[in-house]
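# With the sequence up front, the predicted model follows.
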Amino acid sequence: MAFREIDLNMGPQHPSTHGVLRLKLAVDNEVVLRVEPVLGYLHRGMEKLWESLTYTQIVPLTDRLDYLASLSNNLAYCLAVEKLAGIEVPRRARYIRVVLAELQRLASHLAWTGFMANDIGAMSVLLYGFEAREDILDIFEEYCGARLTVHGIRIGGAVHDLDGPLVSRIRAVLERIPKRLADIRSLLDENRIWKERTVGIGRITAGEAIDYGLTGPPLRACGVAWDMRKDIPYSSYDDFDFDVPLGTNGDVYDRYLVRLEEICQSIRIVGQALDGLPEGEFKAKVPRVLKIAPGEAFHTIEAPKGVLGFTVRSNGTDKPERVKMKSPSFINLQSLEHLCQGNLFSDVIGILGSLDIVLGEIDK
Amino acid sequence: MPADRADQSKLRKALDALAGRFGDAVLAGAADKGELAVRLTKDVIVPALSFFKEELGFNAFEDLVVFDNLNSPDEGGARFTVVYRLFKFPGAVRARLTVEVGDGESLPSAVPVYRAADWAEREAFDMFGIPFEGHPDLRRIYLPDDFEGHPLRKDFPLAGRTGGL
Amino acid sequence: MSEPFERGPFLLARADAFITWAQKNSLWPFGSGLACCAIEMIATAAARYDIARFGMELFRASPRQADLFIVAGTVTNKMAPVLRRLWDQMPDPKWALAMGNCAIGGGPFPTYSVLQGVDRIIPVDVYVAGCPPTPQGLIHGLMTLQEKIARSRPTKEILDPHARRQS
């Protein structure tokens, strides 16, 4: 067939762009030649706003960055501020944070599984994934009253203690998840349509992935064991025994497998953290008006989407001079063009979904 | 934690190699807790980045942070401070390269060395108006093309100049 | 028109009751998922909260097939023209629901890039507060909209085109 280049526009209002992302595509018949993501449709001026707020006022706004994993944002920001201010977080608070952050990872990955399958055309998985996720949101709701934008981690510790009834509720939920996961896997793992849409699609090698700055599950699907929880442990992650699941092919299917295996590992971590929950305070004593001497700190965590970091620079007042977020989705999305080139147009949706982007943290 | 004593001496050695290569262009250097912090003059930033990538093995570009020093003039003197964060995997070592840029001055683009710097430089251009010479496609990344001003500069009002729609 | 006719003759009143009954029980939402609220909107459509109980499960991806515009999330100045265009593409009769504080009035973002309330560009029928509103909150907003539709007089709009609201 003759070569005919066609320009296609996708978004910013599109059911499968995971928010308000716009893609400018150039295709030759069905084959993708170029993809150019156009960002900014959700640019809220977050970083500018932070400069006019106090350190504690910023925490609830970080919830609205990666809104599928709000606690991870809280944690990364609080760790950066604590590093800068030299606040020592009590051991019990660190364990509570691990419990919350790992539950958040469960919720995020379950939601991703639903969205991803829905994008490919398997609507029922969305219902299964969200039903499992609701169980975890119930825990957050009982913990501090909010479901989505939880704001459960504060500077110096957590907002509440984990009490007995909540701990037994978390255990009960964790026991139910493997069954729900098995349901999802029975729908997808050997599903012929699912495999044809995912296996060998959107491949990237380990070297290229690092070159493009990929982090998180898309990088680990290439077989690179880069996980900040192991490499630069924070919040007592070195106390727990868990594996870093790795893929081999670096394709969409491996990203799916890596995420599902991470769910199992997160269940393990939460179980260990609840078993070994130390006695003590759940929050360090932090002055109500937190003034930090001039300085700069950078802290990264392993968020569900990848390596999430915050740079905080202080100027001696109760407001930061600048807070810069290193957002994993932003950098992961950069590789989209490389991943899509040569694939079919219909696979762009699957590849975009497999990166697990959230526009809130891309556009900031 | 990989940042034990043996690593500390390795970092020092890397620092010495850098000083040997770039001489006076290295204004300051320190190695602490698994992190190399270097201050450079802006004309050697691209060779320095490629030295870090090729010779020292910092294979990942983590972040590019710009600070506007308008309200804190004691900071080196120039209007902007640009920080490049690199990461070395495996090994979990960070590098922090700092350069100073005046208002209206440009920086050479790091994209030929680190592909991942592409959007980060576009973001810095959009938010601070720092041009990156040699960037393959330097346009605003977030704001519309007809937007006036660069919002993260300290003299830009939070609510914008036109008050929005 | 004379006062008694204004209140509506029997036949038109019956027709109104029938039309609004049909309209309110088969709303086809156009989910404009912009930010965090979109996730709660999807949760409302998922198994636990099951918006299908109210005849609204048919989330459409195209504005031309929908009659309820749910603005779920932060509207930025860059997105505003797009939203306005989507609203214009929806066929009458149509309703709009502003979900969450951002869509209501900019929410926590009084910044250079955020539209301070979606009612600056489209007419909004129901506002649902929250950051984000819970699924229960959204369902309550939708039921409020149903009540509003039940009170409306579609035949009057048909007979008198000038009475149709200016949008």
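It's in.
# Let me see the ranges of the strands in chain C.
Assigned by DSSP state E, the strands in chain C fall at C:29-33, C:68-72, C:95-99, C:126-128.
# model confidence over stretch A:341-348, on average?
Mean pLDDT, computed over stretch A:341-348, is 87.
# Also stretch A:110-122?
Taken as a whole, stretch A:110-122 has an average pLDDT of 88.
# these two touch, right, residue A:53 and residue A:61?
Yes. Between residue A:53 and residue A:61 there is a contact under C-beta atoms under 8 Å: 7.3 Å. All C-beta spots, glycine's among them, are computed from the backbone N, C-alpha and C.
# the more surrounded of the two?
Applying other C-beta atoms under 10 Å in any protein chain shown to residue A:53 and residue A:61 shows that residue A:61 carries more neighbours, namely 20 against 17.
# Where among the strands of chain C is average confidence lowest?
Mean pLDDT across the strands of chain C is lowest at strand C:29-33; the value there is a mean of 83.
# Show me what that strand is packed up against.
With contacts taken as 3 or more C-beta pairs under 8 Å, 6 or more residues apart in numbering or on different chains; DSSP states H and E, strand C:29-33 sits against helix C:36-45, strand C:68-72, helix C:80-89.
# pLDDT below threshold where in the chain?
With no chain named, the answer covers chain A. The model of chain A has pLDDT under 70 over residues A:1-3.
# try chain B instead
Within chain B, the segments meeting pLDDT under 70 span B:1-7, B:33, B:73-76, B:162-165.
# what's the answer for chain C, then?
Applying pLDDT under 70 to chain C flags the ranges C:1-8, C:161-167.
# Swap in 50 and give it another go.
Chain C contains residues with pLDDT under 50 at C:1-4, C:166-167.
# For the closest residue to residue A:285 other than its chain neighbours, which residues are in contact?
Distances taken as C-beta to C-beta, 6 or more residues apart in numbering or on different chains place residue A:156 nearest to residue A:285, at 7.2 Å, with adjacent residues excluded. With contacts defined as C-beta atoms under 8 Å, 6 or more residues apart in numbering or on different chains, residue A:156 is in contact with A:78, A:82, A:87, A:89, A:93, A:283, A:284, A:285, A:286.
# Enumerate every residue touching the residue of chain A with the smallest separation from chain B.
With C-beta to the nearest C-beta, the shortest gap between chain A and chain B falls at residue A:213, namely 3.0 Å. The neighbours of residue A:213, taking C-beta under 8 Å, 6+ apart as the test, are A:331, A:332, A:334, A:335, B:60, B:61, B:62, B:114, B:115, B:116.
# May I see the buried residues of stretch B:140-159?
With burial defined by 16 or more other C-beta atoms under 10 Å in any protein chain shown, the residues of stretch B:140-159 counted as buried are B:140, B:141, B:142, B:143, B:147, B:150, B:151, B:152, B:153, B:156.
# Sorry, slip of the keys, the one I care about is stretch B:9-21.
Buried residues in stretch B:9-21, counted by 16+ other C-beta under 10 Å: B:11, B:14, B:15, B:18.
# Out of those residues, which comes closest to chain A?
residue B:11 (14.9 Å).
# how about that closest one, secondary structure?
Following DSSP: H, G, I helix; E, B strand; the rest coil, we place residue B:11 in the helix state.
# follow-up on the earlier one: so of the buried residues of stretch B:9-21, which ones are in helices?
Judged by DSSP state H, the buried residues of stretch B:9-21 include B:11, B:14, B:15, B:18 as members of helices.
# What is the neighbour count of residue 81?
I'll assume chain A. Residues near residue A:81, counting by other C-beta under 10 Å, number 26.
# Let me rephrase: I mean chain C.
Neighbourhood size, residue C:81 [other C-beta under 10 Å]: 12.
# roughly how far apart are residue A:302 and residue A:89?
Noted for residue A:302: a distance of 18 Å to residue A:89, by C-beta to C-beta, to the nearest Å.
# Which one of the two is surrounded by more residues?
For residue A:302 versus residue A:89, the count of surrounding residues by other C-beta under 10 Å is larger for residue A:302: 27 against 24.
# check contacts around the more buried one.
By C-beta under 8 Å, 6+ apart, the contact set of residue A:302 is A:216, A:227, A:228, A:229, A:308.
# Which residue, other than its chain neighbours, is closest to residue C:149?
Ranked by C-beta to C-beta, 6+ apart and with sequence neighbours excluded, the top spatial neighbour of residue C:149 is residue C:24, at 4.1 Å.
# what does the stretch 251-364 of chain A put close to chain C?
Applying C-beta under 8 Å from any C-beta of the partner chain, we find that the stretch 251-364 of chain A lies next to chain C at A:359, A:360.
# show me where the stretch 251-364 of chain A has strands.
A:295-303, A:306-314, A:320-326 (DSSP state E, counting those that start in this stretch).
# Name the stretch among those strands that sits most buried.
Mean neighbour count, computed with mean count of other C-beta atoms under 10 Å in any protein chain shown, is highest for strand A:306-314 among the strands of the stretch 251-364 of chain A, reaching a mean of 26.
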